[in-house]
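Undergrad: how does the following fold in three dimensions:
(one chain, ligands or ions: 1)
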Amino acid sequence: MAKVLIIGAGGVGSVVAHKCAQVPEVFSEIALASRTLSKCEAIGAAVKSRTGQDLEVAQVDADRVTELVALINRVKPALVLNLALPYQDLSIMDACLACGVDYLDTANYEPPDEARFSYSWQWPYHERFRQKGLMALLGSGFDPGVTNVFCAYAAKHYFDEIHYIDILDANAGDHGHPFATNFNPEINIREVSAKGRYWENGQWRETEPLAEKWTFDFPIIGPKNAYLMYHEELESLVLNIKGLKRIRFWMTFSDNYLKHLEVLQNTGMTSIEPVIYQGREIIPLQFLKALLPDPASLGPRTRGKTCIGNIIEGIKDGKPRKIYIYNICDHEECYAEVGSQAISYTTGTPAMIGGMLILSGAWKKAGVFNMEQLDPDPFMEKLNIHGLPWQVKELQTT
Ligand code: NDP
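TA: Numbers count the residues shown, from 1 in each chain. Alright, predicted model coming up:
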């Protein structure tokens with residue numbers, strides 16, 4: 001039984017609040033703080049009506065360590081679940097260190113003025129967390145998060161050596177808008193418009209944005225075009241999965257999404273370089289975010305499913321082996337359960353499970369960790385129990 005503090009009252013923060021409230025035997029008290037208090041209050045009311053649990057709510061500017069320290073000292077949580085934006089990772093980690101509290105997030109740090117997400121800012125905190133006996137669990141969402149645990153699970157139970165990993169993320173949901181992003185538009189568009197990158201034979205190889213395409217026949221949702229992208233779990237997996245020869249990440253986009261994105265890029269609307277407009281400095285991508293539908297509003301409109309999983313190839317008992325391990329999640333079922341679409345659900349549920357495993361002691365360690373560094377079994381078991389069941393399929397080796 002422990003108290004948690006959730007920071008960030010967006011699409012994912014709302015799911016985490018609901019999922020924690022569903023497990024009061026672990027999360028006996030829940031506090032939710034964010035920049036806009038009214039959003040915390042709205043989530044508090046939704047959680048109360050669905051689960052009967054009360055949420056303590058607070059306003060905080062998570063860019064300010066002093067405000068965070070005052071909040072954490074007042075709320076006194078055992079664990080902080082960071083569901084704000086990647087820009088707040090370091091300030092929240094600093095506050096957790098100052099207050100002696102464990103930390104968890106779902107996305108690695110990215111400086112606001114430079115589109116370059118990387119663990120290189122958070123890994124150096126390892127020694128400070130270790131010395132204080134505290135844990136920071138990084139990337140406990142779906143991808144990164146579950147996809148890292150899928151790799152660890154495959155390494156533990158299916159392979160003696162893993163050589164090739166392809167992570168495939170498909171969203172076949174339809175929200176009925178001409179163009180919208182499923183999570184924070186600024187983070188999403190920065191990610192999608194970056195150059196692709198994958199790792200092969202000990203080297204990073206770069207591709208032009210969305211230049212490599214793979215038409216993959218996903219279970220239940222059928223064939224979709226998936227595009228090679230750089231994604232943050234690749235950075236830790238190349239270090240932690242030994243013997244790897246190649247790892248790539250693919251995400252599906254509809255032709256309609258790509259058409260809109262191309263026009264927005266060509267007009268400069270996705271730029272993070274400030275421009276002067278009517279005597280005021282604005283950042284085009286932030287202005288675009290203000291125009292696009294709020295991802296949290298997509299829940300009631302989205303139909304269809306997501307399918308995220310890993311194709312893993314290697315050697316077992318001297319023979320080649322290839323498996324596909326994946327989850328399918330239905331947008332409408334997520335909305336019925338927690339009032340959010342599947343993208344927020346598939347991120348928020350693993351965040352709750354990571355928190356549960358830290359609090360129960362099953363994953364508690366001192367230092368900064370990525371998901372694949374921990375025993376995958378309890379996490380995989382909890383996925384099946386808490387709404388993200390997975391399957392393993394044996395595939396023909398090539
Ligand atoms: P949203 O934009 O919907 O929510 C972010 C929330 O953080 C908002 O409520 C926002 O406040 C709040 N916030 C932003 N800045 C501050 C600040 N300085 N102080 C306090 N609160 C702040 O994003 P999502 O819920 O879609 O995403 C949350 C996180 O999850 C992101 O880091 C995202 O990258 C990550 N993610 C991870 C995935 C994974 O699989 N690993 C997949 C999808 C997302 P306000 O409401 O006032 O704007």
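
Undergrad: can you name the residue of the stretch 1-150 of the chain nearest the ligand?
TA: At 1.7 Å from the ligand, G10 is the closest residue in the stretch 1-150 of the chain, using CB to the nearest ligand atom. C-beta here means a position set from N, CA and C on the backbone, and glycine is covered the same way.

Undergrad: phi first, then psi, for the nearest residue to that residue once chain neighbours are set aside.
TA: Residue nearest to G10 in three dimensions, not counting chain neighbours: A296, with 6.3 Å by CB to CB, 6 or more residues apart in numbering. Backbone torsions of A296, given as degrees, to the nearest 10, read phi -70, psi -20.

Undergrad: okay, now A296: neighbour count?
TA: Using other CB atoms under 10 Å, A296 has 22 neighbouring residues.

Undergrad: and what of E200?
TA: Neighbours of E200 using other CB under 10 Å come to 14.

Undergrad: contacts only, for it.
TA: Contacts for E200 were tallied using CB atoms under 8 Å, 6 or more residues apart in numbering; they are K245, R246.

Undergrad: that one bridge partners, please.
TA: Beta bridges link E200 to Q203, R246, judged by DSSP bridges.

Undergrad: and the protein, which residues reach the ligand?
TA: Neighbours of the ligand within the chain, by CB under 6 Å from any ligand atom: 8-13, 34-36, 39, 60-63, 83-86, 88, 106-107, 139, 141-145, 183-184, 187, 295-296, 347.

Undergrad: just these: which are in helices?
TA: G11, V12, G13, K39, I187, T347 (DSSP state H).

Undergrad: the third one against I43, yeah?
TA: Same thing as G13. Yes: counting by CB atoms under 8 Å, G13 touches I43, with 7.0 Å between them.

Undergrad: tell me, what's touching these two both at once?
TA: L32.

Undergrad: domain parsing for this protein?
TA: 2-138, 146-338+385-395 (automatic domain parsing).

Undergrad: deepest of the ones you listed, which one?
TA: Highest mean neighbour count of those: domain 2-138, a mean of 20 (counted as mean count of other CB atoms under 10 Å).

Undergrad: what is the end-to-end distance of that domain?
TA: Using CA to CA, to the nearest Å, the end-to-end distance of domain 2-138 comes out at 20 Å.

Undergrad: could you give me the average pLDDT of that domain?
TA: Taken as a whole, domain 2-138 has a mean pLDDT of 97.

Undergrad: what's the answer for stretch 356-366, then?
TA: 98.

Undergrad: first-to-last residue distance for it?
TA: The first and last residues of stretch 356-366 sit 16 Å apart, counting by CA to CA.

Undergrad: that one: which residues count as buried?
TA: M356, L357, I358, L359, W363, K364, K365 (16 or more other CB atoms under 10 Å).

Undergrad: ok so, going back, any idea which of the domains of the chain gets closest to M371?
TA: domain 146-338+385-395 (3.9 Å; CB to CB).

Undergrad: contacting residues around the nearest residue to L288 once chain neighbours are set aside?
TA: Using CB to CB, 6+ apart and skipping residues adjacent in sequence, the residue nearest L288 is M269, 4.9 Å away. Each residue near M269 by CB under 8 Å, 6+ apart is listed here: P284, L285, F287, L288.

Undergrad: so which of the residues you listed belong to helices?
TA: Counting by DSSP H, the contacts of M269 place P284, L285, F287, L288 in helices.

Undergrad: of all those, which two lie farthest apart?
TA: L285 and F287 (7.3 Å).

Undergrad: for the closest residue to T346 other than its chain neighbours, give its distance to E333.
TA: In this structure, T346 finds its nearest non-sequential neighbour in F142, 4.2 Å apart by CB to CB, 6+ apart. F142 is 16 Å from E333, where distance means CB to CB, to the nearest Å.

Undergrad: do the same with E232
TA: Noted for E232: a distance of 27 Å to E333, by CB to CB.

Undergrad: one more: A194?
TA: The gap separating A194 from E333 is 32 Å, by CB to CB.

Undergrad: also W123?
TA: On the measure of CB to CB, W123 and E333 end up 36 Å apart.

Undergrad: for the spatially most central residue of the chain, which residues are in contact?
TA: Closest residue to the average C-alpha location of the chain: G141 at 3.5 Å, with CA atoms, centre = their mean. Shown in contact with G141 (CB under 8 Å, 6+ apart): V12, T106, A107, T346, T347, G348, P350, A351.

Undergrad: Throw these into CSV and include distance to E25, thanks.
TA: Output for those, formatted as CSV (distance: CB to CB, whole Å):
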residue, distance to E25
V12, 23
T106, 23
A107, 28
T346, 24
T347, 23
G348, 19
P350, 19
A351, 18
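
Undergrad: show me what the helix or strand in which F216 is found is packed up against.
TA: Per DSSP states H and E, F216 falls inside strand 213-218. Contacts defined by 3 or more CB pairs under 8 Å, 6 or more residues apart in numbering; DSSP states H and E place strand 213-218 against strand 161-171, strand 222-229, strand 246-252.

Undergrad: what about the helices in the protein?
TA: Here the chain has its helices, by DSSP H, at 11-21, 37-51, 65-75, 89-99, 126-131, 146-157, 185-192, 233-240, 255-266, 284-291, 331-338, 342-360, 376-385.

Undergrad: show me what residue of the stretch 201-350 of the chain gets nearest to the ligand.
TA: Taking CB to the nearest ligand atom, the stretch 201-350 of the chain has T347 as its residue nearest the ligand, at 4.0 Å.
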